[in-house]
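# show me how the following folds:
(one chain, ligands or ions: 2)
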Amino acid sequence: MEKRLIKKDALAGIAKKMTEGFLVWAPVKKEDNVIFAPLGKSDEPFFSYLNSKNAPKNVFFPHTETMMKYTRTGQGMAFSSEVKKADKSVLFGVRPCDAHSFVLLDKLFDQEKYKDEYYIAKRQNTTVISLACVTPPYTSCFCTSVDGEPVSSDGADILLTDIGGDYLAEFITPKGEALAKYFGDTKADAQADAKKADIAAKAKEAIKSKIPAHEVKPILDVNFDNPFWNTIHSKCLACGTCTYLCPTCHCFDISDEVKGSDGVRIRSWDSCMFPMFTKETSGHNPRSSQKERWRQRTMHKFKYYVDMFNAISCVGCGRCVMYCPVNIDIRKIVEDISKL
Ligand code: SF4
Ligand code: SF4
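Residues are numbered from 1 along each chain as shown. Ligands and ions are numbered 1, 2, ... in the order given. You can find the predicted model right below:
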């Protein structure tokens, strides 16, 4: 594997240089938040962040997206697909937990049975550059409980690790190798590898929050009707913050907007936390209370995704823990389930 060293203060310049040939998504400061956004000419990328407020999944799966357009004609309807050739893009500086989320989303959107052309077009045209977490994490981070690590290349085409004065750049995939020219020509030596191994071990050790995520699947298999489900939801506001910020949540709604003879079909993020989520045209709702909705959220992440793809659909980013306005903590829910 190709490896190079770059000076730490060169990183922002590399990201900006890439904007000459790519649409570059990078972390930028917006008021009190760090978010991923397309890097404009006057924008300064901000890499000293623990994690962004929004998950970068919107690069491949936007909040709203036009799927097709149609027009009523004298002969019937004329349809045009809106699957577009995606811009050549670079997602620069994502944290390893979020890069891991792309591997999980691929299992759904790019599987043998179903191919989501909208997602796949963007995913295939994007190079993911991960930035390893080497500083003390948020107390809500628990990636090591859900198959992640702070210095992991899972889901990355290039992995950057701060090893002191330099970044070690590792080109993981051919897509990543194709961008090697942006990273200078200083080859990394064995000393750099040793430093990285030491830093990776310490970073892993620094993740103190642990949950028994791998233990709960057999318990969930047989506890659909357990009274435990009455204990989570009472303070939930059904605001959807947890699902909208989650890098692995992927539910969407499809709706048509029609004006005169013209219409567009769009898809938008939905949330299993919303009362309307499974409401049927008859008025019946199989998940009529927040209890059923919270059970669905938990089951989806820790049972159904495991049943379907042999993977837990949570990367331990802690966003839902940090931003839930009433402090519902998925870590405690998993802990409590493990004791049923
Ligand atoms: S469930 Fe919470 S901790 Fe897990 S990936 Fe989603 S937002 Fe992150
Ligand atoms: S963020 Fe909290 S209050 Fe809002 S829907 Fe999720 S669990 Fe409920």
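
# neighbours of residue 113, how many?
By the criterion of other C-beta atoms under 10 Å, residue 113 has 4 neighbours. Quick note: C-beta positions are derived from backbone N, CA and C, even for glycine.

# and stretch 122-138 with ligand 1, contact?
No - figure legend: stretch 122-138 not in contact with ligand 1 (C-beta under 6 Å from any ligand atom); closest approach 10.6 Å.

# all strands of the stretch 101-250 of the chain, in order?
Remark: strands assigned in the stretch 101-250 of the chain by DSSP state E, counting those that start in this stretch are 126-131, 158-162, 166-171.

# among the ones you listed, which is nearest ligand 2?
Closest of these to ligand 2 is strand 126-131, at 26.5 Å (criterion: C-beta to the nearest ligand atom).

# name the residues that touch that closest one?
With contact meaning C-beta atoms under 8 Å, 6 or more residues apart in numbering, strand 126-131 is reached by 22, 47, 59-60, 86, 89-96, 99, 102, 152-153, 155-160, 175-176, 178-179.

# partners of that strand, with directions?
Paired neighbours of strand 126-131 in the sheet (DSSP bridges): strand 89-94 (parallel), strand 158-162 (parallel).

# turn these into CSV, columns for distance to ligand 2 and mean pLDDT.
Converted to CSV, the strands paired with strand 126-131 look like this (distance: least, C-beta to the nearest ligand atom, whole Å; pLDDT from 0 to 100):
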stretch, distance to ligand 2, mean pLDDT
strand 89-94, 23, 98
strand 158-162, 31, 98
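
# can I get those in TSV with distance to ligand 1 and mean neighbour count?
Shown next, in TSV, are these (distance: least, C-beta to the nearest ligand atom, whole Å; neighbours: other C-beta atoms under 10 Å):
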stretch	distance to ligand 1	mean neighbour count
strand 89-94	13	26
strand 158-162	20	24
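
# possible to save those strands as CSV with distance to residue 220?
Putting the strands paired with strand 126-131 into CSV (distance: least, C-beta to C-beta, whole Å) gives the following:
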stretch, distance to residue 220
strand 89-94, 30
strand 158-162, 33
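
# show me the contacts for the nearest residue to residue 204 once chain neighbours are set aside.
Spatially, and ignoring its direct neighbours in sequence, residue 204 is nearest to residue 149 (5.6 Å; C-beta to C-beta, 6 or more residues apart in numbering). Contacts of residue 149 were listed using C-beta under 8 Å, 6+ apart, and they are 96, 143, 200, 203, 204.

# ok, residue 138 next?
So residue 138 contacts 50, 51, 318, 322 (C-beta under 8 Å, 6+ apart).

# ok so, going back, out of the contacts of residue 149, the closest to ligand 1 would be?
residue 143 (8.8 Å).

# now do the closest one, the pLDDT please.
Per-residue confidence (pLDDT) for residue 143: 98.

# just checking, it touches residue 96?
Yes - between residue 143 and residue 96 there is a contact under C-beta atoms under 8 Å: 7.0 Å.

# pretty sure residue 277 contacts residue 251?
Yes - contact criterion C-beta under 8 Å: residue 277 and residue 251 qualify, at 7.5 Å.

# re the thing from before, find the pair from the contacts of residue 149 with maximum spatial separation.
With distances taken as C-beta to C-beta, the most widely separated pair in these is 143 and 200, at 12.5 Å.
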